[in-house]
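Engineer: how would this look folded up:
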Amino acid sequence: MKFLSKHKRAVSMLFAFVMVFAMAIPAFATGEGGAAGDINSAVSTGLQSVQSQAMSLIATILPYALAIMGAVLVVMIGIRVFKSVAKK
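Structural biologist: Predicted structure coming up:
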């Protein structure tokens, strides 16, 4: 029990990986071509769609995130400079 409490995240990730792998084996056990090829093309198409949507989202959010991070950086540097000048 001590092992599980100390390594709970690793054990849960390992369990999830094993379950996904175990569920994928029957799906690809159809032999040459057939349903396995259909599953491969469906997964490939789905992943390409997710990739294009993620890149679109990143391209939309990036300018705003950079502006916010720049403003935060300017404020932090400004506070640091003010503190160093105020001490003297």
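Engineer: so after the helix or strand of the chain with the lowest mean pLDDT, what's the next helix or strand?
Structural biologist: Counting by mean pLDDT, DSSP states H and E, the chain has its least confident helix or strand at helix 2-6, which shows a mean of 63. Sequence order places helix 8-27 as the next helix or strand after helix 2-6, per DSSP states H and E.
Engineer: so what does that following helix touch, helix or strand wise?
Structural biologist: Contact here means 3 or more Cβ pairs under 8 Å, 6 or more residues apart in numbering; DSSP states H and E; on that basis helix 8-27 packs against helix 35-87. Where C-beta positions appear, they are placed from N, C-alpha and C, glycine not excepted.
Engineer: what angle separates the helix it packs on from helix 8-27?
Structural biologist: Computed with axes from the mean of the first three to the mean of the last three Cα atoms, to 10 degrees, the direction of helix 35-87 lies at 160 degrees from that of helix 8-27.
Engineer: ok, now which ones touch the residue most central in space within the chain?
Structural biologist: In the chain, the residue lying closest to the centroid (Cα atoms, centre = their mean) is Ala54, at 10.4 Å. Not one residue lies near Ala54 by Cβ atoms under 8 Å, 6 or more residues apart in numbering.
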